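Peer 1: My questions concern the predicted model and sequence given below.
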Amino acid sequence: MADVAHKNPGPLIVSSGTKTLSAVLMFIGVASFAVALMTNAERAWHAYLTGYFYFFILGIGGLFFAAINFVTKSGWVVNVRRFSEALTAYLPVAFAGALVLIFGGKSLYEWMRPEVVSADALLQHKAAYLNTTFFVIRLVVFFGLWLLFKHKLIGGSIEQDKTGDESITQKSVGWGIGFLLIFALSFSLFGVDLIMSLDAHWFSTIFGVYLFAGLFQSTMATMILLVIYCMRRGLLTGFVDDNHLHDLGKYLFAFTVFWAYIAYSQYMLIWYANLPEETTFFMPRVTGSWLYVTASLLLFKFVVPFLALLPRWAKRSHMHLTAISILILVMQYVDLYWLIYPNLNSESVIFGFPEIGCWLGFAGAFLFMVMRFLGTHAIVPVKDPRQFESNHHHVVY
Amino acid sequence: MDIIEKVIAFARPASRRGVAGIWDDEHKMVAAASKVHQAGFTQIEAISPFPLHGIDDAIGIPRSFIPWVTFVFGLIGFSFGTWFTWWASAVDWPLIIGGKPMWSLPAFVPIMFECTILFAALASVGALIFICGLPQVDPPVIDPALSSHKFGIWVPEGSKGFNGPQLEQIFKDHGAVDIKRAEF
């Protein structure tokens, strides 16, 4: 490793095919959403919310991953950090998507419908927090904060590429700590607003952590896919090798366990106490065809990735990591679907073109923004003061 | 005192004679270890006060089997936890708690989980102690500085591929600060 010349790989050359693909995907998304809106508006908005939240989580997850590594002053991560920064390029689009979501509020959230609230004492009681005005204010404030921290942290990292100024790395520690504190609160509340309040009578204090576990798991899976893609194209030779993948794989493994731990913690307490106001969440999810979705989460979001990522070689094999990452990304969609769709139809599982179309639309926007970021900025932050450490990263165990 | 010395003499591990090289730079030591391994020596002990990157490959030791011990005992612990909670609450002393079935899996997952961790962790430490031959009473010491700031390679005499003069030559070529015959 020491003998390899470390030349700046520069930005990724994004093929026109990728650009076309993302444009086509976005068109499919808009078209299918429009068609679904005319046939069944409620279903269309649920499909929108699922697809929206799926990619929002990756955007904010990239910022979170970058922030924890700034705060912990991690050396090994430097050469793969740009990929987590690239995910944050999606955040402005996520903001726009959230603003669009407000128009579908009445189709999604019963607490936004005055006729429902006027007949429901509990919702009236919660109206001090769950009302449309405050919802919009929270949404704008949260995105304002997230975009500010993205500008400070990721913008600083980009600026360092040009200047090599080491004080940026030091300042990022402070901004990172600030972001982590704000993220813990704002992401939980945002998850409560967008997903938990679908069933406004129900509540779970661990809900934010549950969403966070899925966030970290799917962010790691996305990063691993991006890193392997660039490694396979030979762009990261001398910068990233199997040792970096091994550590990313460890993260993926750790948060697979963490997700199961949190999911189980939520389930076990509700099951044990057996209070009707809490069990309303699980009752539709363990009856009828929904039971199979619940079982598939346990099996394919925890048991299979857990066993598959256990051996050392598994975390260093490109093919293996790719397969497991794709499985986890698929199961992340199933997880969000499992959280959101019983609100629309608790009788049976419905899945079809509105769901696929909306997801593809957001996927197109996500692909476009991430590739545009990687196509503009060097894929390795070559002037980071800790880069030497990352070039010589070696994982013994 | 006489008895204590006799006990120590009895418990003292059987040591072997060999040739040791001492370095005060870990990079030179790793390079020497790599060279010794390439020269055909099979039994090589590398001694360092802290973990050295690349020493595993340098002396060609295979991966430890401890992860398998961890995995197997984790499975045993998991099975034990499952069996024990079933036996205790559904067979030996059935009690209805909260109107739940006698054998309610969700309530027992924490115990199954903890048993998995407990068995896996204790077995790993046990296996480590066992394959390191610990505890040792009054083991031979090549050089006390090897546990603070120096690095050593030791090869037992008579092991497969052993060649004394060649070994000492390699040690010399790689800047060993001390070369001596030592028991270990």
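Peer 2: Right, received. Where do you want to start?
Peer 1: residues in chain B within reach of chain A, list them.
Peer 2: By CB under 8 Å from any CB of the partner chain, the residues of chain B that approach chain A are B:51, B:53-54, B:56, B:63, B:67, B:71, B:98-99, B:106-107, B:109-110. (C-beta placed from N, C-alpha, C; glycine too.)
Peer 1: export the residues you listed to TSV and tack on neighbour count, secondary structure and distance to A:M369?
Peer 2: What follows is the residues of chain B next to chain A, written out as TSV (neighbours: other CB atoms under 10 Å in any protein chain shown; DSSP: H, G, I helix; E, B strand; the rest coil; distance: CB to CB, whole Å):
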residue	neighbour count	secondary structure	distance to A:M369
B:P51	9	coil	42
B:H53	15	coil	38
B:G54	15	coil	41
B:D56	16	helix	43
B:R63	11	coil	42
B:P67	15	helix	41
B:F71	16	helix	42
B:G98	10	coil	50
B:G99	6	coil	52
B:P106	14	helix	42
B:A107	17	helix	46
B:V109	16	helix	41
B:P110	14	helix	42
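Peer 1: Dump the residues you listed to a markdown table, plus pLDDT.
Peer 2: Formatted as a markdown table, the residues of chain B next to chain A follow (pLDDT from 0 to 100):
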| residue | pLDDT |
| --- | --- |
| B:P51 | 86 |
| B:H53 | 82 |
| B:G54 | 83 |
| B:D56 | 85 |
| B:R63 | 84 |
| B:P67 | 92 |
| B:F71 | 95 |
| B:G98 | 84 |
| B:G99 | 87 |
| B:P106 | 91 |
| B:A107 | 92 |
| B:V109 | 94 |
| B:P110 | 95 |
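Peer 1: biggest separation within those residues, which pair?
Peer 2: Maximum pairwise distance in the residues of chain B next to chain A, criterion CB to CB, is 60.5 Å, between B:G54 and B:G99.
Peer 1: Where does the prediction get shaky in chain A?
Peer 2: The model of chain A has pLDDT under 70 over residues A:1-6, A:397.
Peer 1: same thing but at 50, please
Peer 2: A:1-4 (pLDDT under 50).
Peer 1: okay, B:I131: pLDDT?
Peer 2: With respect to pLDDT, B:I131 scores 88.
Peer 1: Neighbours of it, how many?
Peer 2: 12 (other CB atoms under 10 Å in any protein chain shown).
Peer 1: what's the answer for A:T169, then?
Peer 2: If we define neighbours as other CB under 10 Å, then A:T169 has 19 of them.
Peer 1: Identify the residues contacting it.
Peer 2: For A:T169, the contact set (CB atoms under 8 Å, 6 or more residues apart in numbering or on different chains) comprises A:70, A:160, A:384-386.
Peer 1: and if we set it to 6 Å?
Peer 2: Listed by CB atoms under 6 Å, 6 or more residues apart in numbering or on different chains, the contact set of A:T169 reads A:P385.
Peer 1: Return the residues of chain A in contact with chain B.
Peer 2: A:268, A:271, A:394 (CB under 6 Å from any CB of the partner chain).
Peer 1: which of those has the most neighbours?
Peer 2: A:W271 (19 neighbours).
Peer 1: Output the least confident helix or strand in chain B by mean pLDDT as CSV, nothing but the C-alphas.
Peer 2: Across the helices and strands of chain B, mean pLDDT, DSSP states H and E gives its lowest value to helix B:2-11, namely a mean of 77. Taking C-alpha atoms only, helix B:2-11 is exported to CSV below (Å, rounded to 0.1, in the frame of the first residue of the first chain):
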residue,chain,number,x,y,z
ASP,B,2,11.0,-25.2,50.6
ILE,B,3,7.6,-26.6,49.9
ILE,B,4,6.6,-23.5,47.9
GLU,B,5,9.7,-23.8,45.7
LYS,B,6,8.9,-27.4,45.2
VAL,B,7,5.3,-26.6,44.1
ILE,B,8,6.6,-23.9,41.7
ALA,B,9,9.1,-26.3,40.3
PHE,B,10,6.4,-28.9,39.8
ALA,B,11,3.9,-26.4,38.2
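Peer 1: Toward the C-terminus, what is the element adjacent to it?
Peer 2: Downstream of helix B:2-11, the first helix or strand assigned by DSSP states H and E is strand B:17-23.
Peer 1: For that next one, list every residue counted as buried.
Peer 2: B:18-23 (16 or more other CB atoms under 10 Å in any protein chain shown).
Peer 1: Same list, the residues of chain B next to chain A, but as CSV with distance to A:F362 please.
Peer 2: Listed next are the residues of chain B next to chain A as CSV, based on distance: CB to CB, whole Å:
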residue, distance to A:F362
B:P51, 45
B:H53, 43
B:G54, 45
B:D56, 45
B:R63, 43
B:P67, 40
B:F71, 40
B:G98, 43
B:G99, 45
B:P106, 35
B:A107, 40
B:V109, 35
B:P110, 38
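Peer 1: Nearest to A:E355 among the residues you listed?
Peer 2: A:E355 has its nearest neighbour among the residues of chain B next to chain A in B:P106, at 30.4 Å by CB to CB.
Peer 1: That closest one and A:L269 touch, don't they?
Peer 2: No: counting by CB atoms under 6 Å, A:L269 is not a contact partner of B:P106; they are 9.8 Å apart.
Peer 1: Tell me which stretches of chain B form strands.
Peer 2: B:17-23, B:45-47, B:151-156, B:178-183 (DSSP state E).
Peer 1: Please name the strands paired to the second one in the sheet, noting orientation.
Peer 2: Sheet neighbours of strand B:45-47, with direction, are listed as strand B:151-156 (antiparallel) (DSSP bridges).
Peer 1: next one: the strand it pairs with to chain centre, how far?
Peer 2: Distance of strand B:151-156 from the chain centroid (CA atoms, centre = their mean, to the nearest Å) equals 17 Å.
Peer 1: neighbouring contacts of it?
Peer 2: So strand B:151-156 is in contact with B:16, B:18-23, B:26, B:29, B:33, B:41, B:43-48, B:142, B:146, B:167, B:184, going by CB under 6 Å, 6+ apart.
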